[in-house]
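S.K.: okay, sequence plus prediction incoming.
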Amino acid sequence: MIGELNHVAIVVPDLDKAVDTYRYALGAKLSEPNDLPEHGVRVVFVELPNTKIELLLPIGENSPVAKFLERNPDGGMHHICYEVEDILAARDKLVAEGARVLGHGEPKTGAHGKPVLFLHPKDFCGTLVELEQC
Ligand code: CO
């Protein structure tokens, strides 16, 4: 069921600084910033040959990543995103296996304009997992 690693997400306290670090120190190719108010984040993607890094800055009130930044003021790894072919079938199978889907359980539109879901970290080795239908 699980497909490719779509991206690893890192929450950052200063997006411009993070972009400069990836662009100049690491020599990476980056996307333009994109605001996703529904998710409470501004996103920049680092394009790697085999996957992506999603740099996340909290925006707006009640951003779900604001608390993460309070606990990790320097930023840190926030989630990993796996691709699935059919997100509803994947969700139903995971729920049947006892996994918990965060929120209301229905897919939202993610950073690539595709349906995404988040799974409870306690059910996945302490790691927040995002599923994206690709
Ligand atoms: Co993500």
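M.R.: Perfect, I can see it now. Residues are numbered from 1 along each chain as shown.

S.K.: what about the closest residue to Gly110 other than its chain neighbours, neighbour count?
M.R.: Leaving out its chain neighbours, the residue that sits closest to Gly110 by C-beta to C-beta, 6 or more residues apart in numbering is Val116, at 3.4 Å. No exception for glycine: its C-beta is placed from N, CA and C like everyone else's. Look at Val116: counted by other C-beta atoms under 10 Å, it has 19 neighbours.

S.K.: for the helix or strand containing Val116, packing partners?
M.R.: With elements delineated by DSSP states H and E, Val116 resides in strand 115-119, which encompasses its position. The helices and strands touching strand 115-119, judged by 3 or more C-beta pairs under 8 Å, 6 or more residues apart in numbering; DSSP states H and E, are helix 87-96, strand 108-109, strand 128-133.

S.K.: related to what we said a few turns ago, so what's the residue nearest to Gly110 scoring on pLDDT?
M.R.: At Val116, the predicted lDDT confidence score is 96.

S.K.: that one pairs with what?
M.R.: The residues paired with Val116 through beta bridges, assigned by DSSP bridges, are Lys108, Glu132.

S.K.: now do the strands in the chain.
M.R.: Assigned strands in the chain, in chain order: 5-11, 29-30, 34-36, 41-47, 52-58, 76-84, 108-109, 115-119, 128-133 (criterion: DSSP state E).

S.K.: would you mind finding the most buried of the ones you listed?
M.R.: Most buried of the strands of the chain by mean neighbour count (mean count of other C-beta atoms under 10 Å) is strand 52-58; its value is a mean of 23.

S.K.: hmm, who's touching that one?
M.R.: Around strand 52-58, the neighbours that count as contacts under C-beta atoms under 8 Å, 6 or more residues apart in numbering are 6-15, 18-19, 22, 28, 40-46, 65-66, 69, 78, 81, 111.

S.K.: could you give the angle of the strand holding Val116 to strand 5-11?
M.R.: Between the axis of strand 115-119 and that of strand 5-11 there is an angle of 60 degrees, by axes from the mean of the first three to the mean of the last three C-alpha atoms, to 10 degrees.
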